[in-house]
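1. Fold the stuff below for me.
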Amino acid sequence: MIDQFGRNIDYMRLSLTERCNLRCQYCMPQGARREAEEDVLRYEELLRVCTAAAALGITRFKLTGGEPLVRPGCAAFAKSLKALPGVEQVTLTTNGLLLGEKLDALAAAGLDGVNISLDTLDADKYRAITGSRVFTPAEIFKLLGDCCARGIKTKLNCVLLPENREEAVSLAAIAQQLPVDVRFIELMPIGFGGALEHIDPDAVLDSLRQRWTDLHPTAEKRGNGPAVYYASEQLRGRVGFIDAVSHRFCESCNRVRLTSGGRLKPCLCYADTLDLKALLRGGCTEGELLAALRKAIYEKPRAHCFERRGEITESRLMGEIGG
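-> Next up, the predicted model:
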């Protein structure tokens, strides 16, 4: 669907839950203000929204959270979503803790890709960043290989933090060992992230170019999001940067978000949402649902205002919005 600024909106990030089994310092270190169970959209309600979204031209869906795999039935839902008319791709973002036990079911469901979050290769730093004492970076590295072995397109997401600034080369080297894209994500000034030290992604890129001197930008389309990718003859995968604050990409933004509580969010920066749960549970017709979605997507804001923090109206945590 084309919005008021001529952008083709064809991608929806779909939060299945606000719950998470980690407590990452930039996301929800004390946990999120959880939706009551009855306020979370049921799978059949999510499928109804996705059916309408697909009819409007949204063909690609990313399952997020919270941690999506803590919600029972995630793989079955992914299979049902993939089967909807017009849906071309279903992918998943996860912290990896539950991925090993669910990977076979997700692969059988036809999952097209998985993004695994890993902010450090140091076990002590991992515990400090995530609050987890039951998982290690080595286990996540094994999961990356397991996903690749099943033919699932695999990416590693690393949020740039003071704790991992000196690990950029080591993390990027995973793309030398495996056919995995390693993406460095600039910290968003949302929720707890707004109070943490900002790391300059350009400085990180400079450090990578010192290690891989032939590192160069590539115009390859390797996903649905805004990452700018770099290639090297020595790398099996690519290195990507998602730097919405330093290098805004609003003019080509193609996404909307749906929270687990049923609120459609056209732009991460602003608190404005469309309450789809109220429509669904109020007995709306398919025509009314389509009209509401069409209007909200068409009116998507031109750009974020992250560089002018006083104008940011979103006050929720990233985990409450949907990563």
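2. Confirm F61 sits in a strand?
-> Yes: secondary structure of F61 (DSSP: H, G, I helix; E, B strand; the rest coil): part of a strand.
3. tell me the pLDDT at it?
-> F61 is assigned a pLDDT of 98 by the prediction.
4. how many neighbours does it have?
-> 27 (other CB atoms under 10 Å). From N, CA and C alone the C-beta is placed, and that goes for glycine too.
5. buried sites along stretch 228-244?
-> Judged by neighbour count (16 or more other CB atoms under 10 Å), stretch 228-244 contains these buried residues: 228-232, 235, 237-244.
6. can you redo these as TSV with secondary structure and pLDDT?
-> Below are these laid out as TSV (DSSP: H, G, I helix; E, B strand; the rest coil; pLDDT from 0 to 100):
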residue	secondary structure	pLDDT
V228	strand	92
Y229	strand	96
Y230	strand	97
A231	strand	98
S232	coil	98
L235	coil	98
G237	coil	97
R238	coil	97
V239	strand	97
G240	strand	95
F241	strand	95
I242	strand	88
D243	coil	82
A244	coil	68
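7. and which of those residues is nearest P189?
-> Nearest to P189 out of these is A244 (CB to CB; 9.8 Å).
8. Report the contact partners of R165.
-> Going by CB atoms under 8 Å, 6 or more residues apart in numbering, R165 touches 199, 204.
9. sorry, back to before: can you tell me which of the buried residues of stretch 228-244 is closest to Q176?
-> Scanning the buried residues of stretch 228-244 for proximity to Q176, where the rule is CB to CB, the winner is L235, at 5.2 Å.
10. how many neighbours does the closest residue to G237 other than its chain neighbours have?
-> Using CB to CB, 6 or more residues apart in numbering and skipping the chain neighbours, the partner closest in space to G237 is A175 (3.6 Å). Using other CB under 10 Å, the number of residues around A175 comes to 25.
11. now swap in the one 5 residues further on and tell me
-> Counted with other CB under 10 Å, the burial measure for V180 works out to 23 neighbours.
12. before we move on, what about the one 4 residues further on?
-> In terms of burial, F184 registers 24 neighbours under the definition other CB under 10 Å.
13. re earlier: in what helix or strand does the residue nearest to G237 lie?
-> helix 174-177 (DSSP states H and E).
14. what do you get for K277?
-> Going by DSSP H and E, K277 is part of helix 276-281.
15. how about that helix: buried residues?
-> Of the residues in helix 276-281, 276-277, 279-280 count as buried by neighbour count, 16+ other CB under 10 Å.
16. Who are the packing partners of that helix?
-> Judged by 3 or more CB pairs under 8 Å, 6 or more residues apart in numbering; DSSP states H and E, the packing partners of helix 276-281 are helix 43-55, strand 263-265, helix 286-298.
17. Walk me through the regions of the stretch 101-250 of the chain where pLDDT falls short of the threshold, as ranges.
-> For the stretch 101-250 of the chain, the stretches flagged by pLDDT under 70 are 190-196, 244-245, 247-248.
18. Strands along that one, start to end?
-> Using DSSP state E, counting those that start in this stretch, the strands of the stretch 101-250 of the chain run over 113-117, 153-159, 181-185, 216-218, 228-231, 239-242.
19. Can you add distance to L205 and give those back as TSV?
-> Below are the strands of the stretch 101-250 of the chain laid out as TSV (distance: least, CB to CB, whole Å):
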stretch	distance to L205
strand 113-117	20
strand 153-159	13
strand 181-185	8
strand 216-218	10
strand 228-231	7
strand 239-242	7
